[in-house]
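**Q** Give the three-dimensional model of this entry:
(2 chains)
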Protein chains: 2
Amino acid sequence: MTERTATLESTLSALAAAKKYSALREVLITMNPSDIAYVFDELGEKLLPLLFRLLPKELAAESFVEMDSDLQELLIRGFSDSELKAVVNEMYIDDAVDLVEEMPANVVKRILQQADPDTRKLINEILKYPEDSAGSIMTTEYVDLRPDMTIREAEDHIRRTGIDKETINTCYVTDRSKRLIGAISIRTIILSDPDAYVRDKMESNVISVTTTQDKEEVALMISKYNFDAMPVVDKENRLVGIVTFDDAFEVITEEATEDIEKMAGMTPSEKPYLKTEVYRLWLNRIPWLLLLMISATFTGLIITNYEHALAAQVALMSFVPMLMGTGGNSGSQSSVTAIRNLSLNEIQFSDLLRVVWKEVRVSLFCGVTLAIAGFCKIMLVDRLILQNYSVTVPVALVVSITLVVVVLVAKVIGCVLPMVAAKVGFDPAVMASPIITTALDALTLLIYFRIATLILRI
Amino acid sequence: MTERTATLESTLSALAAAKKYSALREVLITMNPSDIAYVFDELGEKLLPLLFRLLPKELAAESFVEMDSDLQELLIRGFSDSELKAVVNEMYIDDAVDLVEEMPANVVKRILQQADPDTRKLINEILKYPEDSAGSIMTTEYVDLRPDMTIREAEDHIRRTGIDKETINTCYVTDRSKRLIGAISIRTIILSDPDAYVRDKMESNVISVTTTQDKEEVALMISKYNFDAMPVVDKENRLVGIVTFDDAFEVITEEATEDIEKMAGMTPSEKPYLKTEVYRLWLNRIPWLLLLMISATFTGLIITNYEHALAAQVALMSFVPMLMGTGGNSGSQSSVTAIRNLSLNEIQFSDLLRVVWKEVRVSLFCGVTLAIAGFCKIMLVDRLILQNYSVTVPVALVVSITLVVVVLVAKVIGCVLPMVAAKVGFDPAVMASPIITTALDALTLLIYFRIATLILRI
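**A** Numbering: from 1, shown residues only, chains lettered A, B, ... in the order given. Coordinates of the predicted model:
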């Protein structure tokens, strides 16, 4: 991928430098829109307007859609009204909506001015749907058929209207009041007897989503059912649009990235990393760092409270980082598992007890293993090899017992918190991670010192 | 989704209990294969064989494909040879291959015995491709056309052969020696003049992948180019199969989950969480916990070495957890960002300097913010409110300066390590996380105590 685009890049810049425009055009028209967008981005702002104007109308619009918003804005500002008109009206509605959502107000104004009246109307309608809803990512350019058409009539209908549709691979059957009553794939149409009726060949048990349903849910359904498009209906089950698989693709990748960023204590960023401004990244990261730093006051307090114990047994302190680390790691293992399974609908709140029971057993296995390994390591490495004689058998015992308890607590909290968060309507990824980290740090210390004072009688 | 299946579930179990088999069948045939698989799983092993036998041949095979491997095995063991034959030969090749890969040897033997000779041959060929390669997930059931066909001839060809193909939405054009020379969408075929030639209507600049290319790369390309299928060619550019978008979907979701699990220090598990045995989960998690625990020896050592400093300034110790926490969080923020961007091909090793420079600036902003907030918090909360008078201005100063340095070091290491790992061919997610955690814990302590001894002259 990278290689191909790199070669194309050098070819284009060479031709551009040599002002070989007809040759440039020849190369460009053999290229795929995504590659064109990528290469244009690499070639930089200076060549952009020139190269873009070399593209044939349709390819220009397709490539434009694939570009990052900053490039798009740059181009639009350079466009004449007629150029802008051409691009906007070549775009599919859902892409036009994405564009409008990403551009600054004054640019949006120009875009809507240049859009055809009905395009403008559609854009404005889709803009009304709540963010992240199926309605907000759907396109209205689908093929709809009537049940009383014959397959032959259906084919003719597709021939007449198909050219402007985003996909014809699945066609939708609606009754007179636009209610969705069936779906039929182009494959079925082609393979069926031309004289048969659509109503007899269509899949009448259609799975659809409503305009307000969450886009991630829709994407998961598309992937679960292997649909190439999901019909979107309003409250009266009237077909208003479709979400195509390529948009679902994007949603799933984005959502995964967002989950990952949230779990690492970051506010997900809109733009690609390399294009995000430094202050943006700072804004996305600093809140969590601050929150976690401040909340670490507790851990500090705990240590201060047990200063006498630590003074009596200096060795204890040296195991604090290890214990806190182990607690944190055990916790994140189970919390991350829970969070990911929640967002893939693999587990629901109703599974809470099953999950907890599983984690309890896993953590006991892990805890005991760690305790044994830890005990041996302490006696062998710390006492024998490193000759640290303040590390006694009782101390090693304290550490080992703490390990068992801490791992258990950590894994249970780690899986329960996200599931509860999801249940009460919070985002598990956001809610869980910071709370878990802080809570576990403090709990680990408390457990450790409690056990230490008991066993070592200090 | 959950609701729908829940309703279906109760209906089916009720009908089954009342032995209303014809009614059961009526309900089943209205259902989608994925839902059938899901509901069967919920209904449990007892009803499974009965219900499955009620399904019509094609729907049975489609639902079978959607089931978890343990259910599939259960069914196969119950199948008569003829039942098995029916299911296996209804399946698409790529699904059959998945099945063979997941079943135990003795079951595989039976499957291959019942498969038609040519099906068996295809399965064995695909099994030869390396795991995670394009070849291993492709299907060989695609439509191929000749350049000298007319559109009408192409349509007739599709009508004759299309029924057994996994998709007809994109057809591929090959020359006499099977070399891939073009692709043409069913849409183009339908919308073109029947007397035109395929060679004039096809997209002759086809993007394809080779059988050995990594499946994640292929999935990313499919999503980048919005293809509904990606052609797979051998070294001589002969078309051998296609990877359809629904398989790409799965790959992308799986890979994201694997990344997430690895970043949290777990070995990715094959089965869905709720079906993974406890000892498996233990096996997946314990290595990292052990590794991290043992490596924490260093942090312990460092603390032991600075015992005198800690004795002289008891207050210092209480900030250790906070500092280590902040270091860890800052590090994971930048490492997770790097890892995710690497696996989405958003950044390459060549971007290393750009990334480092970005992170340096971000970390300075973050560090200074934390230092100021930290200083105020210490003087206000710890000294004034909690009246801990061992917390002096110099101590607060030490902590604040440490924060700036630690955040800087953490963020730089966090982004560099994964990129280097990727460069030298290691999996960034696996390599980076544990090393970073350990390294940062130790470094944080060293920096802290170094600064403390310098400023507090202890």
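
**Q** Tell me who's in contact with the closest residue to A:Y197 other than its chain neighbours.
**A** Distances taken as C-beta to C-beta, 6 or more residues apart in numbering or on different chains place A:T150 nearest to A:Y197, at 5.9 Å, with adjacent residues excluded. From N, CA and C alone the C-beta is placed, and that goes for glycine too. In this structure, A:T150 makes contact with A:P194, A:D195, A:A196, A:Y197, A:V198, judged by C-beta atoms under 8 Å, 6 or more residues apart in numbering or on different chains.

**Q** In TSV, list these along with pLDDT and neighbour count.
**A** TSV is the format used below for these (pLDDT from 0 to 100; neighbours: other C-beta atoms under 10 Å in any protein chain shown):
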residue	pLDDT	neighbour count
A:P194	92	12
A:D195	94	9
A:A196	94	15
A:Y197	95	17
A:V198	94	23
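
**Q** Which one of those residues is nearest to B:A338?
**A** A:V198 (52.3 Å; C-beta to C-beta).

**Q** Around the closest residue to that closest one other than its chain neighbours, how many other residues sit close by?
**A** The shortest distance from A:V198 to any non-neighbouring residue, by C-beta to C-beta, 6+ apart, is to A:M149 (4.8 Å). When neighbours are defined as other C-beta atoms under 10 Å in any protein chain shown, A:M149 has 16 of them.

**Q** next one: A:E42
**A** A:E42: 12 neighbours (other C-beta under 10 Å).

**Q** Name the helix or strand for it, please.
**A** Assessed by DSSP states H and E, A:E42 sits inside helix A:33-43.

**Q** cool, A:D95 as well?
**A** With DSSP H and E as criterion, A:D95 is part of helix A:93-102.

**Q** Which elements pack onto that helix?
**A** If contacts are counted by 3 or more C-beta pairs under 8 Å, 6 or more residues apart in numbering or on different chains; DSSP states H and E, helix A:93-102 sits against helix A:69-78, helix A:105-114, helix A:117-127.

**Q** follow-up on the earlier one: alpha carbons of the helix holding A:E42, as PDB, please.
**A** The C-alpha coordinates for helix A:33-43 follow below in PDB (Å, rounded to 0.1, in the frame of the first residue of the first chain):
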ATOM      1  CA  PRO A  33      -9.800   7.800  -5.400                       C
ATOM      2  CA  SER A  34      -8.300   6.800  -2.000                       C
ATOM      3  CA  ASP A  35      -4.800   6.700  -3.400                       C
ATOM      4  CA  ILE A  36      -5.300  10.100  -5.100                       C
ATOM      5  CA  ALA A  37      -6.500  11.600  -1.800                       C
ATOM      6  CA  TYR A  38      -3.500  10.100   0.000                       C
ATOM      7  CA  VAL A  39      -0.900  11.100  -2.600                       C
ATOM      8  CA  PHE A  40      -2.300  14.700  -2.900                       C
ATOM      9  CA  ASP A  41      -2.000  15.000   0.800                       C
ATOM     10  CA  GLU A  42       1.600  14.000   0.600                       C
ATOM     11  CA  LEU A  43       2.400  16.200  -2.300                       C
END
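
**Q** where in the stretch 351-458 of chain A is pLDDT low?
**A** The stretch 351-458 of chain A contains residues with pLDDT under 70 at A:431-432, A:434.

**Q** near chain B, which residues of it?
**A** Proximity of the stretch 351-458 of chain A to chain B is confined to A:351, A:354-355, A:358, A:361-362, A:365-366, A:369-370, A:373-374, A:377, A:381-382, A:386, A:388, A:403, A:407, A:437, A:441, A:445 under the rule C-beta under 8 Å from any C-beta of the partner chain.

**Q** on that earlier part again, pull the residues that contact the helix holding A:E42.
**A** Contacts for helix A:33-43 (C-beta under 8 Å, 6+ apart): A:4-5, A:8-9, A:12-13, A:16, A:28, A:31, A:47-48, A:51-52, A:55, A:59, A:62-68, A:71, B:224-226.

**Q** tell me which residues in stretch A:445-457 are buried?
**A** Buried positions in stretch A:445-457, judged by neighbour count with 16 or more other C-beta atoms under 10 Å in any protein chain shown: A:L445, A:L446, A:I447, A:Y448, A:F449, A:I451, A:A452, A:T453, A:L456.

**Q** Also stretch A:285-301?
**A** A:285-286, A:288-301.

**Q** cool, stretch A:30-39 as well?
**A** A:M31, A:N32, A:P33, A:S34, A:D35, A:I36, A:A37, A:Y38, A:V39.

**Q** residues contacting the second one?
**A** Contacts were defined as C-beta under 8 Å, 6+ apart; by that measure A:N32 touches B:N205, B:I207, B:Y225.

**Q** helix/strand/coil for A:V232?
**A** Recorded secondary structure, A:V232: strand (DSSP: H, G, I helix; E, B strand; the rest coil).

**Q** Contacts only, for it.
**A** Contacts of A:V232 (C-beta under 8 Å, 6+ apart): A:134-135, A:138, A:208-211, A:218, A:239-243.

**Q** Also A:R110?
**A** A:I76, A:D81, A:L84.

**Q** now, which of these sits nearest chain B?
**A** A:I76 (22.5 Å; C-beta to the nearest C-beta).

**Q** Would you mind giving me the confidence score for that closest one?
**A** Model confidence at A:I76, given as pLDDT, is 90.

**Q** Now the strand or helix carrying A:I190: average pLDDT?
**A** Applying DSSP H and E as the criterion places A:I190 in helix A:186-191. For helix A:186-191, the mean pLDDT works out to 91.

**Q** Centre of the chain to the helix or strand that it is followed by, how far?
**A** Later in the chain than helix A:186-191, the nearest helix or strand by DSSP H and E is helix A:198-201. How far helix A:198-201 lies from its chain's middle: 38 Å, per C-alpha atoms, centre = their mean, to the nearest Å.

**Q** count of residues packed around the residue in the stretch 301-450 of chain A that chain B sits nearest to?
**A** Using C-beta to the nearest C-beta, the closest approach of the stretch 301-450 of chain A to chain B is made by A:M322 at 3.5 Å. Neighbours of A:M322 under the rule other C-beta under 10 Å: 25.

**Q** Tell me who's in contact with it.
**A** Taking C-beta under 8 Å, 6+ apart, one finds A:V399, B:M293, B:A296, B:T297, B:T299, B:G300 in contact with A:M322.

**Q** Now the two most distant members of the residues you listed.
**A** Across these (C-beta to C-beta), the longest gap, 13.6 Å, separates A:V399 and B:T299.

**Q** mind putting the contacts of A:R110 in TSV, neighbour count and distance to chain B included?
**A** Listed next are those as TSV, based on neighbours: other C-beta atoms under 10 Å in any protein chain shown; distance: C-beta to the nearest C-beta, whole Å:
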residue	neighbour count	distance to chain B
A:I76	20	23
A:D81	10	29
A:L84	20	24
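
**Q** closest to A:R280 among these?
**A** A:I76 (22.3 Å).

**Q** From A:A37, how far off is the nearest residue in space to the closest one that is not next to it in sequence?
**A** Once flanking residues are discounted, A:I76 sits nearest to A:V107: 5.5 Å by C-beta to C-beta, 6+ apart. Applying C-beta to C-beta, to the nearest Å, the value for A:V107 to A:A37 is 18 Å.

**Q** just A:T167 next, same as before
**A** 21 Å.

**Q** try A:L342
**A** 34 Å.

**Q** Just the pLDDT at A:V243, thanks.
**A** 94.
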